[in-house]
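Chemist: Kindly generate the corresponding structure for this input.
(2 chains)
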Amino acid sequence: MAAADGPVIERTGRRTGGRQYWELLGVLTVTLVTARYRRSILGFFWSLIVPLFQIVIVGFVFQAILQQDIPNYTLVFLTALVPWTLFNDAALASCAVFLRFREVVRKIAFPRWMLPLAVVTSSLVHFGLSMVVLFAVFFFVPVYYNPNFLMLIPLTAILSVLLTGMALALSVLHTYYQDVEYALTVLIRTLFFITPVMYPAAQIPEEYRYWMMFNPVATVCEGFRSMLPGYDLPAAEHLVAAAVSSVLMLVIGALIFRRMNPQLPEVM
Amino acid sequence: MSDPLVHIDNLWKCYRRHHDRPAHLKDAFLRRILGHVHQVDATWAVQGFAVHAQPGEVLGLIGPNGCGKTTVLSIIAGVLQPTRGTVVVRGRVCPMLQAGAGFHGDLTGLENIYLSGAILGMRRREITAKLEDIVDWAEAQAWVDTPVRTYSSGMLMRLGFSVAAHMEPDVLIVDEILATGDEGFRARVRRRLRAEADAGRVVLFVSHYMQEVRALCDRVVWMDTGRVVAEGEAGDVIGAYMATTGASLEPACEGEAP
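Modeler: Residues are numbered from 1 along each chain as shown, chains lettered A, B, ... in the order given. Okay, here's the model as predicted:
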């Protein structure tokens, strides 16, 4: 055979795909969920205690110090905090996921994109539990169930697609350049303040509001808030923009991942 | 003679040295700006290596630290991409991990069997069917329900080996993982690997314990600086290799460099 430039690789008996992939995703998701709380006494309740603290503190700052009078402030904050926490957790956790599974990545050939995906699905499990708690709260406070509740499904889908794209990109980028996580921490903190999470979008001055709502996370958070009486769904153009940008993020994330994935075991 | 399950020919693998790669974004930007984009500092870990293994064979790979054994095995496992050459692997490959690698410390042994089994490519049904055998073989009944972080390295190794050994792969890679096993366990592993080969599989075996290599392997490839130095019947090749190291047939003590 003539000396070929590239390698010639022939493999048979690779993974069966399909069901096996789903099972792997399932096992990895369970691993990430249980590993997070196995060694703590309060377990899952920590993911309620942390936002509760946040609400108490921010509520005090807003209402007592800044003298802002937003009716039902706790609920106004809580409904947007649930999707925000999903965004925050999944984006940050995806950075280190390959380094956490370093030995496996360096030794076993397996579909590596499963790991960032499992970060998103395990964050979705926490999100699901938080939603159960949120609806339990709604049981005690009078909330009028309205058609906006149905919008939660597409809004969650938009956020999940956005996060999958981000997780794919961030997981490989962080493995190459470990300042990604630091940069992301700063970015997310900034984003927290310019996203209507601890304040409703109606509080944003008119001249900025329209443009600030082109942030897909803002659209999702404000969309969740529309469960509450007196809050409307984001404008149609904002919803469409959020959907389009999340799909775009997924495509970009998949391209970055595909480009950087083959060399991953060598740089770890 | 049947077709080889593993066929490697004229294999080359180039590592770009780690300091060549910018470790921080700052470096990456500086390089781009200053034009230091191509500061190639290449190391050829594998240089024209060739090997083939028939079903039913236990093939030993020996050589000093850093001679490219692990790189070759990683390429066969499909983790690393070869730079040049031919790589043909027919069937399922199962790399055996260093003690406990791929286990998650906070999960129990049982949960970890499902985790590492799934990563290795096993179906859930398959794992459940073999669960009892896996636990029995590792002699882990007493501690399989406790978190893996409490295990000794011997326990980790037994459980890890047992999961991989029950995967029924076509090519089994055993890269210097038995260092912490006691003699009884090592003898059981040797019998198990021999049985795997007799069932028509290929076992690729790396060890610095020459007595073990001699006892187990049908054929041995001696590697140095990424090339084949000698290949043939285990006793001959090991004898020639030991003559160059100036050591007697005593086990070497160091572990394998990654």
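Chemist: Pick out the residue nearest the middle of chain B.
Modeler: Geometric centre of chain B, nearest residue: B:D175, 3.1 Å, by C-alpha atoms, centre = their mean.
Chemist: Which residues does that residue form beta bridges with?
Modeler: Counting by DSSP bridges, B:D175 forms beta bridges with B:V206.
Chemist: With B:T43 instead?
Modeler: Going by DSSP bridges, B:T43 forms beta bridges with B:Y15.
Chemist: That one and B:D224, how far apart?
Modeler: Distance, B:T43 to B:D224, by C-beta to C-beta, to the nearest Å: 15 Å. Yep, even glycine has a C-beta here, placed from its N, CA and C like the rest.
Chemist: of these two, who's got more company?
Modeler: Per other C-beta atoms under 10 Å in any protein chain shown, whichever of B:T43 and B:D224 has more neighbours is B:D224, with 16 against 13.
Chemist: Next, the buried residues of stretch B:56-75.
Modeler: B:56-64, B:66-75 (16 or more other C-beta atoms under 10 Å in any protein chain shown).
Chemist: And stretch A:69-85, by the same measure?
Modeler: Neighbour-count burial for stretch A:69-85, counted by 16+ other C-beta under 10 Å, picks out A:70, A:73-85.
Chemist: when you check the residues you listed against the helices, which ones overlap?
Modeler: Among the buried residues of stretch A:69-85, DSSP state H puts A:73-85 in helices.
Chemist: ok, so of these, who is nearest A:R39?
Modeler: Closest to A:R39 out of those is A:T85 (21.1 Å), distances taken as C-beta to C-beta.
Chemist: what residues are up against the closest residue in space to the closest one that isn't next to it in sequence?
Modeler: The shortest distance from A:T85 to any non-neighbouring residue, by C-beta to C-beta, 6 or more residues apart in numbering or on different chains, is to A:P51 (6.1 Å). Going by C-beta atoms under 8 Å, 6 or more residues apart in numbering or on different chains, A:P51 touches A:L78, A:L81, A:V82, A:T85, A:S130.
Chemist: just to revisit the earlier point, for the buried residues of stretch A:69-85, name the two members farthest from one another.
Modeler: A:I70 and A:T85 (20.0 Å).
Chemist: I'd like to know how far B:G154 sits from chain A.
Modeler: B:G154 is 18 Å from chain A, where distance means C-beta to the nearest C-beta, to the nearest Å.
Chemist: Likewise for B:E126?
Modeler: Between B:E126 and chain A the computed distance is 10 Å (C-beta to the nearest C-beta).
Chemist: Can you report how many residues lie near the residue lying closest to that residue once chain neighbours are set aside?
Modeler: With sequence-adjacent residues excluded and distances taken as C-beta to C-beta, 6+ apart, B:E126 is closest to B:G117, at 7.6 Å. Using other C-beta under 10 Å, B:G117 has 25 neighbouring residues.
Chemist: Need the three-state assignment for A:Y199.
Modeler: Using DSSP: H, G, I helix; E, B strand; the rest coil, the structure places A:Y199 in coil.
Chemist: And A:V105, by the same measure?
Modeler: At A:V105, secondary structure determined by three-state DSSP is helix.
Chemist: Just confirm B:Y15 contacts B:T43, I think it does.
Modeler: Yes. Using C-beta atoms under 8 Å, B:Y15 is in contact with B:T43, at 4.8 Å.
Chemist: before we move on, the earlier item: give the contact list for the residue nearest to the centre of chain B.
Modeler: Here B:D175 is in contact with B:K69, B:T70, B:L73, B:P95, B:M96, B:V206, B:E256 (criterion: C-beta under 8 Å, 6+ apart).
Chemist: Same list, those residues, but as CSV with secondary structure and pLDDT please.
Modeler: Below are the contacts of B:D175 laid out as CSV (DSSP: H, G, I helix; E, B strand; the rest coil; pLDDT from 0 to 100):
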residue, secondary structure, pLDDT
B:K69, helix, 90
B:T70, helix, 88
B:L73, helix, 91
B:P95, strand, 86
B:M96, strand, 81
B:V206, strand, 91
B:E256, coil, 42
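Chemist: now, which of those sits nearest A:I158?
Modeler: B:P95 (39.3 Å).
Chemist: With adjacent residues omitted, what lies nearest to the residue in the stretch 101-250 of chain B positioned nearest to chain A?
Modeler: Proximity of the stretch 101-250 of chain B to chain A (C-beta to the nearest C-beta) peaks at B:A101, 3.3 Å away. Leaving aside its sequence neighbours, B:A101 sits nearest to A:E103 (C-beta to C-beta, 6+ apart; 3.3 Å).
Chemist: And the strands in the stretch 1-150 of chain A?
Modeler: A:8-12 (DSSP state E, counting those that start in this stretch).
Chemist: can you pull out the helices in it?
Modeler: Along the stretch 1-150 of chain A, the segments classed as helices by DSSP state H, counting those that start in this stretch run A:19-37, A:46-59, A:73-95, A:97-100, A:102-107, A:114-140.
Chemist: As a markdown table, these with mean pLDDT would be great.
Modeler: A markdown table is the format used below for the helices of the stretch 1-150 of chain A (pLDDT from 0 to 100):
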| stretch | mean pLDDT |
| --- | --- |
| helix A:19-37 | 89 |
| helix A:46-59 | 82 |
| helix A:73-95 | 93 |
| helix A:97-100 | 92 |
| helix A:102-107 | 88 |
| helix A:114-140 | 91 |
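Chemist: mind checking which of those is nearest B:V51?
Modeler: Closest to B:V51 of the helices of the stretch 1-150 of chain A is helix A:102-107 (C-beta to C-beta; 19.5 Å).
Chemist: just how off-centre is stretch A:156-172 within its chain?
Modeler: Once both centres are worked out by C-alpha atoms, centre = their mean, to the nearest Å, stretch A:156-172 turns out to sit 7 Å from its chain's centre.
Chemist: which stretches of chain B aren't confidently modelled?
Modeler: B:1-2, B:17-28, B:30-40, B:97-100, B:179, B:247-258 (pLDDT under 70).
Chemist: Could you pull out the strands in it for me?
Modeler: B:6-16, B:42-53, B:58-62, B:84-90, B:93-96, B:171-175, B:202-206, B:219-224, B:227-233 (DSSP state E).
Chemist: Show me what the longest one is packed up against.
Modeler: Right, strand B:42-53. Under the contact definition 3 or more C-beta pairs under 8 Å, 6 or more residues apart in numbering or on different chains; DSSP states H and E, strand B:42-53 sits against strand B:6-16, helix B:69-77, strand B:227-233.
Chemist: tell me the angle of the second one relative to strand B:202-206?
Modeler: Using axes from the mean of the first three to the mean of the last three C-alpha atoms, to 10 degrees, the interaxial angle of helix B:69-77 with respect to strand B:202-206 works out to 160 degrees.
Chemist: Which neighbouring elements make contact with helix B:69-77?
Modeler: helix A:102-107, strand B:6-16, strand B:42-53, strand B:58-62, strand B:84-90, strand B:93-96, strand B:171-175, strand B:202-206.
Chemist: Distance to A:L92 for the ones you listed - can I get that in JSON lines?
Modeler: Shown next, in JSON lines, are the helices and strands packed on helix B:69-77 (distance: least, C-beta to C-beta, whole Å):
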{"stretch": "helix A:102-107", "distance to A:L92": "18"}
{"stretch": "strand B:6-16", "distance to A:L92": "30"}
{"stretch": "strand B:42-53", "distance to A:L92": "35"}
{"stretch": "strand B:58-62", "distance to A:L92": "42"}
{"stretch": "strand B:84-90", "distance to A:L92": "38"}
{"stretch": "strand B:93-96", "distance to A:L92": "31"}
{"stretch": "strand B:171-175", "distance to A:L92": "34"}
{"stretch": "strand B:202-206", "distance to A:L92": "39"}
